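> sequence and computational prediction follow.
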Amino acid sequence: MAEAYDPGNIFAKILRGEIPSHRVYEDDAVVAFMDVMPQGTGHTLVVPKAPSRNMLDADPATFGPLFTVVQKVAVAVKKAFNADGVTIMQFNEPASGQTVYHLHVHVVPRFEGVPLKPHSGQMEKPEVLAENAGKIRAALAG
């Protein structure tokens, strides 16, 4: 049996504005913000506002708006950081590596020959996150 959604998870708190974040995009259904423990420069999270633990229990109507924004953010981060590619990751349940139980998609700009850093708990400096968020917002704006 699946666990119940916990409205106290960190992403729910970010969505409610209880915890600060470096947002790069927001609409009625989705928010995108910088990962504070990035696996690479420009690592961004795309999160639906609808509460769901992960892809396994989400309302299917969540996916259209979510993945429309995932694509938009992927194009923007590739442009913003002049990346060679973009990795899109999404984890479901502990065995997959999920650690925050609110559906979210990782968008990570990638560069030839540069491996992903581990998701180690090493927090990025706020000024670096703010600068990277500004680059992505500018790329989104065209």
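That came in fine, so what should we check first? Numbering: from 1, shown residues only.
> and the residue nearest the centre of the protein?
L45 (0.6 Å; C-alpha atoms, centre = their mean).
> residues in contact with it?
F11, A32, F33, M34, D35, H104, V105, H106, V107 (C-beta atoms under 8 Å, 6 or more residues apart in numbering). Where C-beta positions appear, they are placed from N, C-alpha and C, glycine not excepted.
> what is the nearest of those to L129?
Using C-beta to C-beta, M34 comes nearest to L129 of the contacts of L45, at 4.5 Å.
> doesn't Y25 lie inside a strand?
Yes - when DSSP: H, G, I helix; E, B strand; the rest coil is applied, Y25 is found to be in a strand.
> could you dump the contacts of L45 into CSV with distance to A95 and neighbour count added?
CSV is the format used below for these (distance: C-beta to C-beta, whole Å; neighbours: other C-beta atoms under 10 Å):
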residue, distance to A95, neighbour count
F11, 20, 21
A32, 26, 28
F33, 26, 23
M34, 27, 22
D35, 21, 21
H104, 17, 22
V105, 18, 22
H106, 17, 20
V107, 23, 27
